[in-house]
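Peer 1: need coordinates for the below:
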Amino acid sequence: MVIGLDCAAPQLVFDRWLPELPAIRALTERGAFGVLRSCDPPITVPAWSVMTSSRSPGALGFYGFRNRKDHSYDQLVFADSRSVRVPRVWDLLSTRGRDVIVLGVPQTYPPSRVNGSMVSCFLTPDTRTSRYTYPPELKDEIEQLVGHYMVDVEDFRTEDKDRLLAQIEEMTEKRFRLAEHLLSTHPWDLFFMVEMGTDRIHHGFWRFTDPGHRLFEPGNPYEHAMLDYYKRLDAKIASLLRFADDDTAVLVVSDHGAKKMDGGICVNEWLRQEGYLVLKEEPDGPTRLTPDLIDWSRTRAWGEGGYYCRLFLNVEGREPEGVIPAADYESVRTEIKEKLEALGDDQGRPIGTVAHRPEELYSDPQGIAPDLLVYFGDLFWRSVGQVGTGTVHVFENDTGPDDANHAHEGLYILAAAGVTPGPGEEREIRDVAPTLLELLGEPVPTDMEGHSIVAVTA
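Peer 2: Below you'll find the model as predicted:
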């Protein structure tokens, strides 16, 4: 039984709130637990597919929700289930005749055929009109059970916090009600669910909870909103564990963690200031960067906004209007990397930015990898893609209110026969799939990149 909590952070669950989460605390008392280090980049897509296939983003060939289809400027594709071209753990088990239930795992839309049941994820456009289950008739069963099924909340970057809280609660309630229904009515050797409410509540309420956040105000009306949500979530987990007998291994896991967001770096404004990016005309105000705004004949680099920055170079013979000679590619890339890593905060103080070359992170990057993957300020700063901001440093998120960024440190709790209880060593997200196969007595494919947690905790 795998209970995935998107974005669940060990510093909250283990360090601050564990005494108030009895179901999770009981699992830590009878199992191994610790930090599960996410992939690079530590974001929902690709992280859950990395976890369930035991392949790096480089091997999978996608580096975020949106990826370049080719080296043109405007061909971006969303990484849905069709982008995952290697088997995930439920695919392997299905081919071996094992029963699976897959519920809400990111990158399962459109749903695929499994030996069992699949309810797809937050990438589903609309559960009213989209086919989001396998088998298809499972959709009718869900609607009879919970009515309108929610794969996500609407517009989680909002100032309407009361509405957001209510939607998160409704989504989580329906997901766990469905989980219990599937567990009680469908056969399973592997049950694997993911709850997105943990991610949404972090992005919506972090500043109200974290005394270290620059906007934190003691005694604010939402100071306990995150903890209260986790308490209700813990009670739902307790109900789910009724379906796990003494022979059932239980794994609670997150794909990445979270941390406060100190601000945003307008990477394209910085590139303009440094002469790497040239626009056809000056924007009237903050504007999303689109290819038609760029003077490609004079542009050497551009970047994408998000939790981290994907930075691309405009290379002669590779991009349609490339200007960087291939012989100068590495020198230009190194120059930009060093300048970005030296960039400080709005007061010039060092923030610890790291710009990774993809070949340093992945043995054989597939697809169109960024030329640099940039983590501003160790991910305490977000990448803002807008131009026309008039500044490099901003303190409002360009896509709506959001006070948390992602962290590499996710979490795991593994309660299973033969596993030594207590704090365990830091593990890596690719270790999850081999662990599940080993627990089920199935062979682990040699091309999986991770290693079973059981082998070192038993």
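Peer 1: now do the strands in the stretch 51-200 of the chain.
Peer 2: 66-68, 76-78, 100-103, 116-119, 133-134, 190-195 (DSSP state E, counting those that start in this stretch).
Peer 1: any idea which of the ones you listed scores lowest on pLDDT?
Peer 2: Ranked by mean pLDDT, these bottom out at strand 76-78, with a mean of 91.
Peer 1: distance between the ends of stretch 84-98?
Peer 2: Start-to-end span of stretch 84-98 (CA to CA, to the nearest Å) is 21 Å.
Peer 1: scan the chain for its longest helix.
Peer 2: Across the chain, the longest stretch assigned as helix under DSSP state H is helix 161-185.
Peer 1: quick revisit: so which of the strands of the stretch 51-200 of the chain is nearest residue 42?
Peer 2: When the strands of the stretch 51-200 of the chain are compared for distance to residue 42 using CB to CB, the nearest one is strand 190-195, at 15.5 Å. Where C-beta positions appear, they are placed from N, C-alpha and C, glycine not excepted.
Peer 1: which elements pack onto the closest one?
Peer 2: Packed against strand 190-195, as judged by 3 or more CB pairs under 8 Å, 6 or more residues apart in numbering; DSSP states H and E, are the following elements: strand 2-5, helix 89-95, strand 100-103, helix 161-185.
Peer 1: with adjacent residues omitted, what lies nearest to residue 403?
Peer 2: Closest residue to residue 403 apart from its sequence neighbours, by CB to CB, 6 or more residues apart in numbering: residue 207 at 3.7 Å.
Peer 1: so the one you found belongs to a helix, correct?
Peer 2: Yes - the assignment for residue 207 by DSSP: H, G, I helix; E, B strand; the rest coil puts it in a helix.
Peer 1: wait, it sits on residue 223?
Peer 2: No - counting by CB atoms under 8 Å, residue 223 is not a contact partner of residue 207; they are 10.3 Å apart.
Peer 1: ok, the two, which is more surrounded?
Peer 2: residue 207 (20 against 16; other CB atoms under 10 Å).
Peer 1: report pLDDT for the more buried one.
Peer 2: For residue 207, pLDDT reads 94.
Peer 1: all strands of the stretch 301-450 of the chain, in order?
Peer 2: So, for the stretch 301-450 of the chain - with DSSP E, counting those that start in this stretch - the strands run 301-304, 309-313, 354-356, 372-375, 381-384, 393-394, 404-407, 409-415, 422-423, 427-428.
Peer 1: who's in contact with the longest one?
Peer 2: To tie it back to what came earlier, the one meant is strand 409-415. If you take CB atoms under 8 Å, 6 or more residues apart in numbering as the criterion, strand 409-415 is touched by 8-11, 13-14, 24, 27-28, 30-38, 42, 249-257, 421, 424, 427, 429, 432, 435, 453-454, 457.
Peer 1: what do you get if the cut-off is 7 Å, keeping everything else the same?
Peer 2: 8, 10, 13-14, 24, 27-28, 30-38, 249-257, 427, 429, 453 (CB atoms under 7 Å, 6 or more residues apart in numbering).
Peer 1: now which of these would you call buried?
Peer 2: With burial judged by 16 or more other CB atoms under 10 Å, the buried subset of the contacts of strand 409-415 is 8, 10, 13-14, 24, 27-28, 31-38, 249-257, 427, 429, 453.
Peer 1: rewinding a little: now, the contacts of strand 409-415 that are in strands?
Peer 2: Among the contacts of strand 409-415, the ones falling in strands (DSSP state E) are 32-37, 250-253, 257, 427.
Peer 1: in a markdown table, list those residues along with distance to residue 191 and pLDDT.
Peer 2: Listed next are the ones in strands among the contacts of strand 409-415 as a markdown table, based on distance: CB to CB, whole Å; pLDDT from 0 to 100:
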| residue | distance to residue 191 | pLDDT |
| --- | --- | --- |
| 32 | 20 | 96 |
| 33 | 20 | 98 |
| 34 | 23 | 98 |
| 35 | 24 | 98 |
| 36 | 19 | 98 |
| 37 | 25 | 98 |
| 250 | 10 | 98 |
| 251 | 10 | 98 |
| 252 | 13 | 98 |
| 253 | 13 | 98 |
| 257 | 24 | 98 |
| 427 | 21 | 97 |
